[in-house]
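> Okay, structure incoming, though there's no sequence with it:
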């Protein structure tokens, strides 16, 4: 057992965090339906278009395009984008907290090396959390009508934040889900954990 990160009732805490994360995720998805920009023509865009733009110019064109829309559509799109980014500040600790708890719970069930691996995966969730917060602040400060493309070094750093965030979180989730499937298929689980 990992005494450093023993959390009593971690399953119940995971349920609460995951439920809150899912609720906020649904609200953010509903807001994303109102993302429009004038980029050659009026079209929808996603948050991933802003997180992974091909260039700094493309990011600024997406944002400028929002301000070039007709007033009603422009204000609706801006409200949705800013609202989604502010909601994302609530979503971020819930997402990485859920991954943290999942890794700790699995690590507590494993031998020394498995415990070490999952404890490490849990602890390093601080890195994508910080990267995600930095990405959000960067996007929020870019949202204004006279946005200009960032320097190449700043844009590369922004892209690096996104890659680091996605790689670390994805590796932890893939390891956790694979291990849960292994436990399930090998019959190495308690009946209490079926709900989990």
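That came in fine, so what should we check first? Source: prediction; values computed, not measured.
> Distance of residue 79 relative to residue 185?
From residue 79 over to residue 185 the distance is 47 Å, taken as CB to CB, to the nearest Å. Glycine gets a C-beta too; all of them are placed from N, C-alpha and C.
> Have a look at these two and say which one is more surrounded.
residue 79 (12 against 9; other CB atoms under 10 Å).
> what's the helix or strand for that one?
Using DSSP states H and E, residue 79 sits within helix 71-108.
> Could you pull out the buried residues of stretch 145-156?
Judged by neighbour count (16 or more other CB atoms under 10 Å), stretch 145-156 contains these buried residues: 147, 149-150, 155.
> again with stretch 114-127
Quick answer for stretch 114-127 (16+ other CB under 10 Å): 115, 117-119, 121-122, 124-125, 127.
> average pLDDT across the helix holding residue 79?
Helix 71-108 carries an average pLDDT of 94.
> Show me what that helix is packed up against.
Here helix 71-108 touches helix 10-32, strand 36-39, helix 56-68, helix 112-123, helix 126-142, helix 152-186, going by 3 or more CB pairs under 8 Å, 6 or more residues apart in numbering; DSSP states H and E.
> Could you export the buried residues of stretch 145-156 to TSV, including columns for secondary structure?
Converted to TSV, these look like this (DSSP: H, G, I helix; E, B strand; the rest coil):
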residue	secondary structure
147	coil
149	coil
150	coil
155	helix
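> Tell me the one among the residues you listed nearest to residue 110.
Nearest to residue 110 among the buried residues of stretch 145-156 is residue 155, at 40.7 Å by CB to CB.
> show me what contacts that closest one?
55-56, 59, 149 (CB atoms under 8 Å, 6 or more residues apart in numbering).
> Repeat that for residue 51.
Counted by CB under 8 Å, 6+ apart, residue 51 has contacts 135, 162.
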